[in-house]
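In: Just the structure for this:
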Amino acid sequence: MAVTESAVAPVGREPERARSGPESEWARPRREHDGARAVRSGYGVIARPQAARDSAARTYARSLPVVPVRARGLTIEDADGRRYLDCLSGAGTLALGHNHPVVLQAIRKALDSGAPLHVLDLATPAQDAFTTELLRTLPPEFAARARVRFCGPSGADAVEAACNLVRAATGRSGMLAFTGAHTGPTIGTPETSTGARVVRAARLPYPQDYRCPFGIGGERGAELAARWAESVLDEAESGAPLAAGMILEPVQGEGGVLPAPDGWLRRMRAITAARSIPLIADEVGTGVGRTGRFWAVEHSGVVPDVMVLSQAIGGSLPLAVVVHRDDLDVWRPGTHTGPFRGNRLAMAAGAATLAHVRENGLAERADTLGARILAQLRPLTERFACVGDVRGRGLMIGIEMVTPDAPPGSDATGPPPPAPSLATAVQRECLRRGLIVDLGGRNAGVVRLLPPLTITDEQTNAVLDRLTDAIASVAATARARFPAHPRRMRVGGPAHMPGG
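Out: Numbers count the residues shown, from 1 in each chain. As a prediction, the model looks like this:
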């Protein structure tokens, strides 16, 4: 499939209103002459000294050798003049893409107003405007009794605050979490994240089709996962601590882009309500229209007791909040506090972003466009043996790469083992074609697409062309490495059906 040249909207025009036809110089990807790799002087001047000074903990700088100097909408230009289509979007933070006019205008207005940028938790017009717009977007039943708590600027801090809240409200210490969860790196949140060693949390199975923990998938697999949760809670000898709350992601992002079945989510709501266990919806990565609804819990109609929000709510700037039911509001003054709660610039940018997404129907647009992307990518599972599964919801898409030849003794009816090396190869080949994608999943074997909600049809075609071309290149190499094999059976129902 040919790589499409048309990529981005010209500077000065909102991406969702871009017109077709010849692109501006900004919109046209620059290519290296005669197939030779351009001399990357700008990258070397900036990136090499920075790598020498940075901590070994840096991640994206290792896999994406790009030094961004300009950005607009879907497009990034690096220090050497190369242009990339950015389907990483700050790990989903950039709901409207880079430097959207609505966001820039809100920030400039806040700066020019002379209003203070830092006043701790004193009431300000910026906070009032943000809170009003936020409550307008929440499910009405939840918003009617909501209290908003501004936390430190990260989602991880908000998750920890939510856990502390329900512990204080219930007088219990334990938490219920799920396999594959990613709730952040702070002191308390690793207890509810995959990889925890010493925990006060019970780990429950998260339902999925492709790698169902029970080897069944579909509605039956989700039903068994729900029964497992009930047995852990009701069995006196289960060893689970008394639960102060249950925290779950409606779509696991870092866990591999796994949409929770709607029926299973409703079961979790019923199970927790019957036992007076507050339900915490972690919408850090799924909120603000990303999954095709403004908030991912709306797909199932579930009304949680607590919602944890961050990333896109700040309009590209750091902001995190916990929204919770009023009867859980047992905080004492100064509880879970910090000097950087409630960034005023982020409130201004966030309010503008929330309003723009709501007023322009971008969540509905994400639902329609995401369905189209999934329909076009799913045939890759039949075309390439190294593509195990394609799944997602809205503009949160995952492509799981697998090793075609399973090791001896493995389950012949189950999916092939994950192939993180092939996922990394796809990311690398995408970058060569001017496309930035993310990796995730329990074994870093899932290629993730998180484009801005403002991506146009033309831009979508360019992304799909480049991604498909990159996968084809990696698949050709994989065929040379692995012998031909019979296609494995998929367990359960189709992995793209998140309802139930």
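In: from here on, contacts and neighbour counts on C-alpha atoms
Out: OK.
In: what are the ranges of the helices in the protein?
Out: Along the chain, counting by DSSP state H, helices occupy 41-53, 60-63, 89-92, 101-112, 125-137, 140-143, 155-170, 218-234, 262-274, 344-359, 362-377, 380-383, 420-432, 457-481.
In: So what touches the fourth one?
Out: Contact partners of helix 101-112, identified using Cα atoms under 8 Å, 6 or more residues apart in numbering, comprise 12, 14, 315, 345, 348-350, 352-353, 356.
In: weakest of the helices of the chain by average pLDDT?
Out: When those are compared by mean pLDDT, helix 41-53 comes last with a mean of 73.
In: Backbone dihedrals for the residue nearest the centre of the chain, please?
Out: Centroid-nearest residue in the chain, with Cα atoms, centre = their mean: Gly285, separated by 3.9 Å. Dihedral pair for Gly285: phi -100, psi -10, per degrees, to the nearest 10.
In: Would you check how far apart it and Tyr84 are?
Out: 23 Å (Cα to Cα, to the nearest Å).
In: now do Pro153
Out: Distance from Pro153 to Tyr84, by Cα to Cα: 28 Å.
In: Which of the two has more residues huddled nearby?
Out: Neighbour totals were compared for Pro153 and Tyr84, and Tyr84 leads with 25 against 22 (other Cα atoms under 10 Å).
In: ok, the more buried one touching Cys430?
Out: No: taking contacts as Cα atoms under 8 Å, Tyr84 lies outside contact range of Cys430: 9.6 Å.
In: Next, show the common contact partners of those two.
Out: Contact with both Tyr84 and Cys430 is made by residues Ile436, according to Cα under 8 Å, 6+ apart.
In: Tell me which residues touch Asp326, please.
Out: Each residue near Asp326 by Cα under 8 Å, 6+ apart is listed here: 145-147.
In: which of these count as buried?
Out: Buried by 16 or more other Cα atoms under 10 Å: 146-147, out of the contacts of Asp326.
In: Please tabulate the contacts of Asp326 in JSON lines, including the columns pLDDT.
Out: Output for the contacts of Asp326, formatted as JSON lines (pLDDT from 0 to 100):
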{"residue": "Arg145", "pLDDT": "95"}
{"residue": "Ala146", "pLDDT": "97"}
{"residue": "Arg147", "pLDDT": "96"}
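In: Make TSV out of the contacts of Asp326 and add distance to Arg378.
Out: Formatted as TSV, the contacts of Asp326 follow (distance: Cα to Cα, whole Å):
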residue	distance to Arg378
Arg145	41
Ala146	40
Arg147	42
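In: Narrow the contacts of Asp326 to those in strands?
Out: Among the contacts of Asp326, the members falling in strands are 146-147 (criterion: DSSP state E).
In: Nearest to Ile399 among the contacts of Asp326?
Out: Ala146 (36.6 Å; Cα to Cα).
In: quick one: the closest one and Val322 touch, right?
Out: No: contact status for Ala146 versus Val322: not in contact, 9.8 Å apart, counting by Cα under 8 Å.
In: re the thing from before, out of the contacts of Asp326, which is nearest to Val119?
Out: For the contacts of Asp326, the closest approach to Val119 (Cα to Cα) belongs to Arg147, at 20.1 Å.
In: mind listing what that closest one touches?
Out: 323-326, 329.
In: Neighbours of the closest residue to Leu224 other than its chain neighbours, how many?
Out: Distances taken as Cα to Cα, 6 or more residues apart in numbering put Phe214 closest to Leu224, at 7.7 Å, once the chain neighbours are dropped. Using other Cα under 10 Å, Phe214 has 16 other residues around it.
In: And the strands in the stretch 201-350 of the chain, which stretches?
Out: Counting by DSSP state E, counting those that start in this stretch, one finds strands in the stretch 201-350 of the chain at the ranges 201-204, 243-248, 251-252, 258-259, 279-282, 306-309, 321-325.
In: average pLDDT for the fourth one?
Out: By that I understand strand 258-259. 97.
In: still on that earlier bit, which of the contacts of helix 101-112 ranks first by neighbour count?
Out: Ranking those using other Cα under 10 Å puts Gly315 first, with 33 neighbours.
In: returning to that earlier point: nearest to Asp457 among the contacts of helix 101-112?
Out: Nearest to Asp457 among those, counting by Cα to Cα, is Glu14 at 13.8 Å.
In: burial of Pro116, as a residue count?
Out: 11.
In: any idea how far Ser300 lies from Phe178?
Out: For Ser300, the distance to Phe178 equals 18 Å [Cα to Cα].
In: So for the two, which sits in the more crowded spot?
Out: More crowded of Ser300 and Phe178, by other Cα under 10 Å: Phe178, with 22 against 18.
In: ok, and the closest non-adjacent residue to the more buried one?
Out: Nearest non-adjacent residue to Phe178, counting by Cα to Cα, 6+ apart: Leu204, 4.6 Å away.
In: who touches the one you found in this structure?
Out: When contacts are counted by Cα under 8 Å, 6+ apart, Leu204 touches 176-179, 225, 228-229.
In: hmm, 10 Å instead?
Out: Counting by Cα atoms under 10 Å, 6 or more residues apart in numbering, Leu204 touches 176-180, 225-226, 228-230, 232.
In: ok, back up a step: the strands of the stretch 201-350 of the chain into JSON lines, with extra columns for distance to Ile471?
Out: JSON lines is the format used below for the strands of the stretch 201-350 of the chain (distance: least, Cα to Cα, whole Å):
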{"stretch": "strand 201-204", "distance to Ile471": "34"}
{"stretch": "strand 243-248", "distance to Ile471": "32"}
{"stretch": "strand 251-252", "distance to Ile471": "23"}
{"stretch": "strand 258-259", "distance to Ile471": "21"}
{"stretch": "strand 279-282", "distance to Ile471": "32"}
{"stretch": "strand 306-309", "distance to Ile471": "34"}
{"stretch": "strand 321-325", "distance to Ile471": "38"}
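In: closest to Ala371 out of these?
Out: Between Ala371 and the strands of the stretch 201-350 of the chain, the tightest spacing by Cα to Cα is seen for strand 258-259, at 13.5 Å.
In: How about residues contacting the closest one?
Out: If you take Cα under 10 Å, 6+ apart as the criterion, strand 258-259 is touched by 180, 206-210, 249-253, 291, 296, 391-393, 396-398, 441, 495-499.
In: Just the pLDDT for Pro339.
Out: Looking at Pro339, its pLDDT is 79.
In: Go through the strands of the stretch 201-350 of the chain and name the closest to Gly114.
Out: Set against Gly114 and scored by Cα to Cα, these come closest in strand 321-325, at 24.8 Å.
In: What subset of the contacts of strand 258-259 is buried?
Out: Taking 16+ other Cα under 10 Å as the criterion, what is buried in these is 180, 206-210, 249-253, 291, 296, 391-393, 396-398, 441, 495-498.
In: Please report how far Pro417 lies from Ile373.
Out: In this view, Pro417 and Ile373 are 25 Å apart by Cα to Cα.
In: ugh, typo on my part, it should be Ala273
Out: 36 Å.
In: what about these two, which has more around it?
Out: A side-by-side neighbour count of Ala273 and Ile373, using other Cα under 10 Å, places Ile373 first with 18 against 14.
In: All set now, cheers.
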